[in-house]
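K.L.:
have a look; sequence and predicted model below, questions after that.
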Amino acid sequence: MAGILKPPGAFTVTPHKVSICILIQVYAPPTQISVPFPFSSVSHHNRLGLFLFALSKSCDGIFEPKLDELIGQLKELGDFLNDWLIDHLTRRLSSLASPDDLFNFFNDLRGILGGSESHVMDDDQIMLDPSSNLGLFVRRCLLSFNLLPFEGVCHLLTNIGAYCKESFSSCPYELSHIEDCANEAESSMEYENMELESLVFDKVSKEFEAQKKANDSFAFHNHAPKAIIGFIEESDISSGSKVKEFDRLREGSSCIPSSSYSQRIIDPQVGSFLRTNWQIQGNLLDQADAIERHGSSFSLNAFESILKQLQKLAPELHRVHFLRYLNSLHHDDYPVALENLHRYFDYSAGTEGIDFGPPSSGCNSFGRYEVALLCLGMMHFHFGHPKQALEVLTEAVRVSQQHSDDACLAYTLAAICNLLSEVGISRMTGIIGSACSSVVNMRTSLSIQQQLFVLLRRSLKRAEGLKLKRLVASNHVAMAKFELTHVQRPLSYFGPKGPMKLRTCPINVCKELRLSSRLIHEFCDESSIMNTDGLLCTMWLKNLKKPIGSVIFSQENESRRNLDTFQFCSQPNSLPGSVVQLLGTSALVRATAWEIYGSASLARISTLAFAACFADSSSSADAALAYAKLIQHLAVFKGHKEAFAALKIAEEKFLCVSKSRVHLVKLQLLHERALHRGDLKFAQRICNEFGALASSVSGVDMELKTEASLRHARTLLAANQFNQAAAVTNSLFGMCYKYNMQVENATVLLLLAEIHKRSGNAALGIPYALASLSFCQSFNLDLLKASATLTLADLWLSLGSNHSKRALALLHSAFPMILGHGGLELSARAYITETKCYLADPSFSVSEDPEVVLEPLKRASEALELLEYHELAVEAFYFLAIVYDKLGYLEEREKAAALFKVHIMALENPEEKEDSLSTML
């Protein structure tokens, strides 16, 4: 929000605070009625009260809105009283033309306060509680005004005149008293020229200059105030141009700076007030949060130039180096990020800008070397250097233990757990070493997954002991991810061995996610001193929307008013942004869990819940992931046309850079459509794109490498190159086994079974299908289990017609899952297989019960035409023509045969549609 300059340090009366006091007088006039004029109901009255509460709390922030911005906020309240409130506010400000007017105004303001010193009140009289938020604000304004000398009152009058004049000149409203206000503003300038004021002001100015020279090397807020103020204001007011340029950045766009801050001209008549160090640090903290949320979408060069200028103006502000490090880190500039990280810790020694609290008393006085190691390890992890990251983090564990820095040790253990869970590591011997006491006591025979589980539990226990709420919630989310994809095995193998069910436990996943949400709701900010409720109320003001508030002052039914009041009251959020972001991540993990377990409807609901509740506070990566999940759901259940329409919207909202979720889902959709259309050349081109995106470092980008290999094998299978497809799939299975990617192994085994089925070796494919079923049962992959059962039924049917009843029984056992959550393609395959089972059964007669085969074939053909899946559509219309021929329906047979020919021609000539796919790529 563009701002009027604020005085540093103590609370000072400004024109904006005077405007709030005028509105408070309207809200709580010394009247004898419960609902004062001009309000028509209690809900109308409360609406303005909540708005004033937010305004009063936001006054502690770094910016103050201009009058036209305050008018714009008033207009958001509704169309019933906004004109009256705006007119009353502007006329009341214009009436303050002399010091006597100001004295009378603040004297009247004292009368709205209740308490023991006030006169006796009636039951229906509205009085402000002096200890309430609004009462405290009014008392602070009264105290600040009483402390003003005469020249300060004259300055306040001048600022009020300029405040009104500047706003009226840029405001579209045509008010009849604008000229009077301008004249009064000019007349108030006469007080600036009084001899008494001049003498006193000259003396005060000389004393201030002398104090400034004496403290020039110590106080940050004495450094080049106009330039620093220009930086701060521009970093906030440039959101308008950025939102137009990057409409895809919905959330927090107001924090993105630009280099056009020279356009911001500070009127010298208003007064050049200085910002305090606390305010500058808070603003830079907001900028750091915006960088981490928006990632590579954040402006690199513009913000870098601003930071360089601020660094020259205030060399002792070390947080600037950390922001330059974050800016380079999220733009993948490794040399610059490393250089700025070293500079930050060289100058600050890790004592400024670290969010997890002060070190223990045992920490030495030379700085926090362990924090520097933690940041360096996370930087290596970000750039895809897992071995270097693990070595640095291990050293950070050792130094944290040596310095008794328990908080840093807890965060370092959590970082190691995140590294081990995200990066594929086949062995840990010699990597962590004996420096990590959390690992040294574990048996060397434990697998990577068992060691990761022990680390997660110890990290969680340590975070709970230190009461690090955010870290506790993050560890619970990490535990949920671990429980989702790993089967827990006992750590010791001695003693009697009872029966064990080697399966994942969905109940544990839900429990960890619930604990994460509960702890976040109980969050108390244990370390941060920058996040004030004033900042939260400022964010509420920025997010004020017309559709919610437009009916508050209108005469609607009571239920509608109650709903809107609830929406209004629920907007302010008492949690810091990082906590809300972590809560959104938990919701996305829940959606991923439902995807793995095979519940498409619950996965979609969880993703929509994230989009509705956390889209504005989440990072751009999480928001893009939610969009990708919804697009994939559309592709599976509605077809590619709907999915590409949603993809176009997502591309407008997010930068479609390499490795972004939006770009990856686009490649997935293009590959699926190319395979369905039979365009194998274009499909192979997409496979090459996937391979090029994956890092060449071993263990990095394992998900992307698995995706590329799977799609390469499927492309080879579609080209009937069975040997090459089997070789690629076998190599992929070995990689998944090496890095213990068991969930992916279930899909790889199912693909091997499909390759053997297509190549005519059904007997060799059955063991792979059964192995895939075993993996699905262990990891509760219900939808994949249904797909494996369908493949197994196809394999049994391929062995001969005498196995048709067994295949049909298998298929019917999987039908509830397939038809409930399977999507268009899986359902069509099931319908075709069911028809083949019936037609292969010698005891089945089409003429006796034709609907048993006709209805499934019709549904399959409709779904496949929607998907443009020519190969399966050819098979569906082929069987449909055969059934119509056996029934003697010649006309329907010819129609099915004609459609069969259409799909055959499309399958044999895929080049005709290749251009449309290429343009989308």
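P.N.:
Perfect, I can see it now. Numbering: from 1, shown residues only.

K.L.:
residue 317 contacts residue 307, doesn't it?
P.N.:
No. Contact status for residue 317 versus residue 307: not in contact, 9.9 Å apart, counting by CB atoms under 8 Å. Placement of C-beta: from N, CA and C, glycine included.

K.L.:
which stretches of the stretch 651-800 of the chain form helices?
P.N.:
661-677, 680-693, 702-718, 722-738, 742-758, 762-778, 782-798 (DSSP state H, counting those that start in this stretch).

K.L.:
can I get those helices in TSV with mean pLDDT, distance to residue 288 and mean neighbour count?
P.N.:
Shown next, in TSV, are those (pLDDT from 0 to 100; distance: least, CB to CB, whole Å; neighbours: other CB atoms under 10 Å):
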stretch	mean pLDDT	distance to residue 288	mean neighbour count
helix 661-677	92	23	22
helix 680-693	91	28	18
helix 702-718	93	28	21
helix 722-738	93	38	17
helix 742-758	93	35	23
helix 762-778	94	43	19
helix 782-798	95	41	24
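
K.L.:
so which of those helices comes closest to residue 865?
P.N.:
helix 661-677 (10.7 Å; CB to CB).

K.L.:
pull the CA atoms of the closest one into PDB?
P.N.:
Extracted in PDB, the C-alpha atoms of helix 661-677 (Å, rounded to 0.1, in the frame of the first residue of the first chain):
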ATOM      1  CA  ARG A 661       4.300 -28.400 -11.900                       C
ATOM      2  CA  VAL A 662       2.300 -26.700 -14.600                       C
ATOM      3  CA  HIS A 663       5.000 -27.500 -17.200                       C
ATOM      4  CA  LEU A 664       5.200 -31.100 -16.100                       C
ATOM      5  CA  VAL A 665       1.500 -31.700 -16.200                       C
ATOM      6  CA  LYS A 666       1.400 -30.100 -19.600                       C
ATOM      7  CA  LEU A 667       4.000 -32.600 -20.900                       C
ATOM      8  CA  GLN A 668       2.000 -35.500 -19.300                       C
ATOM      9  CA  LEU A 669      -1.200 -34.400 -21.000                       C
ATOM     10  CA  LEU A 670       0.600 -34.000 -24.400                       C
ATOM     11  CA  HIS A 671       2.200 -37.500 -24.100                       C
ATOM     12  CA  GLU A 672      -1.100 -39.100 -23.200                       C
ATOM     13  CA  ARG A 673      -2.900 -37.500 -26.100                       C
ATOM     14  CA  ALA A 674      -0.100 -38.400 -28.500                       C
ATOM     15  CA  LEU A 675      -0.300 -42.100 -27.400                       C
ATOM     16  CA  HIS A 676      -4.100 -42.100 -27.700                       C
ATOM     17  CA  ARG A 677      -3.900 -40.600 -31.200                       C
END
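
K.L.:
and that helix, what does it pack onto?
P.N.:
In terms of contacts (3 or more CB pairs under 8 Å, 6 or more residues apart in numbering; DSSP states H and E), helix 661-677 is packed against helix 620-637, helix 640-653, helix 680-693, helix 702-718, helix 870-887, helix 914-920.

K.L.:
quick check: buried residues in the fifth one?
P.N.:
Under the neighbour-count criterion of 16 or more other CB atoms under 10 Å, helix 870-887 has 870-885 buried.

K.L.:
so what touches the next helix or strand after it?
P.N.:
The helix or strand immediately downstream of helix 870-887 is helix 890-908, counting by DSSP states H and E. Residues from elsewhere that reach helix 890-908 (CB atoms under 8 Å, 6 or more residues apart in numbering): 677-678, 861, 870-871, 873-874, 877-878, 880-881, 884-885, 912-913.

K.L.:
backbone dihedrals for the closest residue to residue 763 other than its chain neighbours, please?
P.N.:
Computed as CB to CB, 6 or more residues apart in numbering, the closest residue to residue 763 that is not its neighbour in sequence is residue 799, at 6.8 Å. Main-chain dihedrals, residue 799, degrees, to the nearest 10: phi -80, psi -10.
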